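Undergrad: Following is a predicted model, sequence given first.
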Amino acid sequence: MDIIQERLGIILGFVAGFFVGLVIFGWGLTPVEFTCAGPGGLNEGAQARYLRNVAELYDVTQDPQVVTNSFGTWDGAAAACALAANSPDPADAALLTAIATVANPAGCVGATAGATGDQTAAQPDEGGSNFLPVLVLGALLALLIIAILYVFNRRQALLNESDVDEDYEQLPDAAPVLGGSGEAEVAAIPLASFRTSYTRGYDAYDDSFSIENGKGDFLGECGVGISESIGTDLPKNVTAFEVWLFDKNDIRTITKVLMRDHAFYDEAIKAKLAPKGEPTLARVGETIVLETASLIINAEVVEMEYGTGTLPPQSFFDQFSFKLSAWAKEGDFEPPDTTARAAELMDY
C-alpha cells in the first residue's frame, strides 16, 4: 500500500501543479502581455488616437511616405475610413480620408470593401481561439482519469499478490517427512494441524481428531493416548504414549509408541509394548511419522518435562505436548487387498 500511495501522490501532484501553473498563474494572475505590437494589435481607442496622430502629421508634412511608414503592413486605410465615417467633425473626417486615400488609391470605398472581406475571413480564427482552453481542460481531465485507472489496476494487482502470499504462508514450512520404506518421495498436500497436551493427573487422556479434505469428505482419524504407566501411585506415572493413524483407504491402523528413557532402555517394558506399535524414544523437536495408503501424519514433540518422585529418574512424564500435521498423498494409490487378508484378519 505504501507504493500505491507514493505513486498516487506523484500523479496527483503533477496534475495539481500543471493546473495551478497553467490556469491560475498563466491565465489568471500573470497573463501574457504583448509589447512592441504593431497598430493592428492595439485596441479600438488606441488605434483611433494613432490614426489621428498620423493624419495630423501628414497634414503638416504632406509627405505620403509618412503614412506608408506609419501603417507598414497593417491595413490602416480601412480603419481610417471607418473612423472617418463615425467622426462628427468634418475636418477630422477629411484628414482621416486623406491618409486612407494615400494608403489605398481607391479611397474609402475600396478600403471599406477590403475591410469587410478581411473581417469575414477572420471570423473563423476568432471562433477557433476559444477552443484552446477547452482542449487543455479536456487533456487534464483525460490525464486524471488515466491516473485513477492506473492506480486502481495497480492496487488490484498488489491485493491479488498479497492474497497469494497469505495463502502460501498458511502452508506448513516443510513437506511431510516420509517413512523409510525406500520408495520414491510421494507428493503430498496439507490438510489440517492439531495440538494436544498431557499434564500429569489427566489419567483419562486420549485425544482423537477427524481428518477431512477440503470438500468435507472423511478420510480418516489420528490421535494420541496413554499406552503404559509404571508404579501403583495415583495419578498414573505415564511412561509411554501411543500415536496412531487410521486411514479409511487402508485396512491397518498404524501405531507408534513414544517412550521415556527408562522404558525405552528397559528391555522388559520394551518387549511388553512391542505388540502395540513401533517403539520410539521421545525427544523434544523429534518428528514421528505415520504413513498409510493415502495419509501421512507428522507428530512433532513440542514440549516435554520429566516427573520426579520415588520412581527411577526419567521414567515418567509430567507434561507432554504434540503437534499433529495431517497430509494427503497426491495421485492414485492402490486400495488394500481385503479379500486376500480376510483370513488373516479373522485369525485372532
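TA: Everything's here; your move.
Undergrad: where do the helices sit along the chain?
TA: Ranges of helices in the chain, per DSSP state H, are 2-19, 44-61, 64-71, 76-85, 90-103, 107-129, 131-169, 261-264, 267-273, 342-346.
Undergrad: The second one packs against which elements?
TA: For helix 44-61, the elements it packs on are helix 64-71, helix 76-85, helix 90-103, judged by 3 or more CB pairs under 8 Å, 6 or more residues apart in numbering; DSSP states H and E. (Glycine included, C-beta is placed from N, CA and C.)
Undergrad: Could you tell me how far it lies from the centre of the chain?
TA: When C-alpha coordinates are averaged (CA atoms, centre = their mean, to the nearest Å), helix 44-61 and its chain have centres 72 Å apart.
Undergrad: CA atoms only: put that helix into PDB for me.
TA: Taking Å, rounded to 0.1, in the frame of the first residue of the first chain, the C-alpha atoms of helix 44-61 are listed here in PDB:
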ATOM      1  CA  GLU A  44     -10.000  50.400 -30.700                       C
ATOM      2  CA  GLY A  45      -9.300  53.500 -28.700                       C
ATOM      3  CA  ALA A  46      -5.500  53.300 -29.100                       C
ATOM      4  CA  GLN A  47      -5.900  52.800 -32.900                       C
ATOM      5  CA  ALA A  48      -8.100  55.900 -33.200                       C
ATOM      6  CA  ARG A  49      -5.500  58.000 -31.400                       C
ATOM      7  CA  TYR A  50      -2.800  56.600 -33.600                       C
ATOM      8  CA  LEU A  51      -4.700  57.300 -36.800                       C
ATOM      9  CA  ARG A  52      -5.400  60.900 -35.800                       C
ATOM     10  CA  ASN A  53      -1.700  61.400 -35.000                       C
ATOM     11  CA  VAL A  54      -0.700  60.100 -38.400                       C
ATOM     12  CA  ALA A  55      -3.400  62.300 -40.100                       C
ATOM     13  CA  GLU A  56      -2.200  65.500 -38.300                       C
ATOM     14  CA  LEU A  57       1.500  64.600 -39.200                       C
ATOM     15  CA  TYR A  58       0.500  64.100 -42.900                       C
ATOM     16  CA  ASP A  59      -1.400  67.400 -42.900                       C
ATOM     17  CA  VAL A  60       1.700  69.200 -41.800                       C
ATOM     18  CA  THR A  61       4.200  67.400 -44.000                       C
END
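Undergrad: Minimum distance to T239: which of the helices and strands packed on helix 44-61 has it?
TA: Nearest to T239 among those is helix 76-85; the distance by CB to CB comes to 120.2 Å.
Undergrad: So for that closest one, what gets flagged as buried?
TA: Buried residues in helix 76-85, counted by 16 or more other CB atoms under 10 Å: 76-84.
Undergrad: Now render the helices and strands packed on helix 44-61 as JSON lines, adding mean pLDDT and distance to I145.
TA: What follows is those, written out as JSON lines (pLDDT from 0 to 100; distance: least, CB to CB, whole Å):
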{"stretch": "helix 64-71", "mean pLDDT": "82", "distance to I145": "51"}
{"stretch": "helix 76-85", "mean pLDDT": "83", "distance to I145": "47"}
{"stretch": "helix 90-103", "mean pLDDT": "82", "distance to I145": "54"}
